[in-house]
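Asks: dropping the sequence and predicted coords here.
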Amino acid sequence: MNREALEERLAGFPLYAYDFIEPGELEFSHRIRWICQHECPMYGKSWACPPGVGSVEVCQGKCLSYENCLMIATITQVADISDIQQTLATRPEHEAITNQVRDVMEELGAKPYVLSTEACALCERCTILDGRTCRFPEKMRPCVESHGINVMPILESRGLEFQFGSNVVTWISLLFY
Ligand code: SF4
């Protein structure tokens with residue numbers, strides 16, 4: 001895929017930031033997986049979440065099988081970031097932008113593997129709850145944290161802030177290609 005052509009198209013998106021990462025730069029952490037297991041209500045409830053998504057090592061292997069990774073970030077101001085409903089209400093817009101960027105990458109000849117912010121909500125009831133295989137393995141999209149990825153070191157290495165203030169929500173997606 002032609003990176004210059006992609007960057008021309010990215011200029012048309014309301015991104016706070018984007019950058020290209022070598023997958024080997026990413027930190028894969030069992031500590032992030034531990035947080036999924038102990039603090040996320042979606043743990044075990046979706047094929048897009050641990051443990052269904054595979055071990056940290058399996059996820060890492062998948063990410064490292066790609067040569068490149070595009071990171072995109074969006075930010076949105078909310079009235080009260082401690083209100084989880086307000087915060088989550090900003091997510092669909094980021095997901096829509098992620099889908100559009102994926103479409104652009106596909107137009108340019110890539111077939112990106114996308115990690116975003118969702119636990120996959122394509123089906124009303126995830127088949128993992130009934131012990132069956134995923135209905136749409138090609139479409140389902142795990143979140144970045146499900147793969148044990150700690151994005152903070154990458155953001156810091158690029159001089160990007162994650163917390164802008166008390167009421168600014170930041171969403172990150174990674175598109176491996
Ligand atoms: S596509 Fe359906 S079955 Fe697959 S992870 Fe998403 S919700 Fe679950």
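Replies: Noted; the coordinates are in hand.
Asks: every contact and neighbour count from this point should use C-alpha atoms.
Replies: Noted.
Asks: roughly how far apart are the residue nearest in space to the middle of the chain and the ligand?
Replies: Per C-alpha atoms, centre = their mean, the C-alpha nearest to the average position across the chain is that of residue 116, at 2.0 Å. Counting by C-alpha to the nearest ligand atom, to the nearest Å, the gap from residue 116 to the ligand is 13 Å.
Asks: tell me the contacts of that residue?
Replies: Contacts of residue 116 were listed using C-alpha atoms under 8 Å, 6 or more residues apart in numbering, and they are 95, 98, 141, 142, 143, 144, 172, 173, 174.
Asks: contacting residues for the second one?
Replies: I take that to be residue 98. Applying C-alpha under 8 Å, 6+ apart, the residues near residue 98 are 72, 116, 173.
Asks: what helix or strand is it located in?
Replies: Residue 98 is part of helix 91-107, with elements assigned from DSSP states H and E.
Asks: up against the ligand, what does the chain have?
Replies: Applying C-alpha under 6 Å from any ligand atom, we find that the chain lies next to the ligand at 46-48, 120-123, 126-127, 134-137, 140.
Asks: repeat the analysis, applying 5 Å as the threshold.
Replies: By C-alpha under 5 Å from any ligand atom, the residues of the chain that approach the ligand are 46-48, 120-123, 126-127, 134-136, 140.
Asks: dump the residues you listed into a markdown table; add secondary structure, pLDDT and neighbour count as well.
Replies: As requested, the residues of the chain next to the ligand are exported to a markdown table (DSSP: H, G, I helix; E, B strand; the rest coil; pLDDT from 0 to 100; neighbours: other C-alpha atoms under 10 Å):
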| residue | secondary structure | pLDDT | neighbour count |
| --- | --- | --- | --- |
| 46 | coil | 95 | 23 |
| 47 | coil | 95 | 26 |
| 48 | coil | 93 | 27 |
| 120 | coil | 86 | 19 |
| 121 | coil | 82 | 12 |
| 122 | coil | 88 | 12 |
| 123 | coil | 92 | 12 |
| 126 | coil | 95 | 19 |
| 127 | helix | 97 | 15 |
| 134 | coil | 96 | 17 |
| 135 | coil | 96 | 14 |
| 136 | coil | 93 | 10 |
| 140 | coil | 87 | 20 |
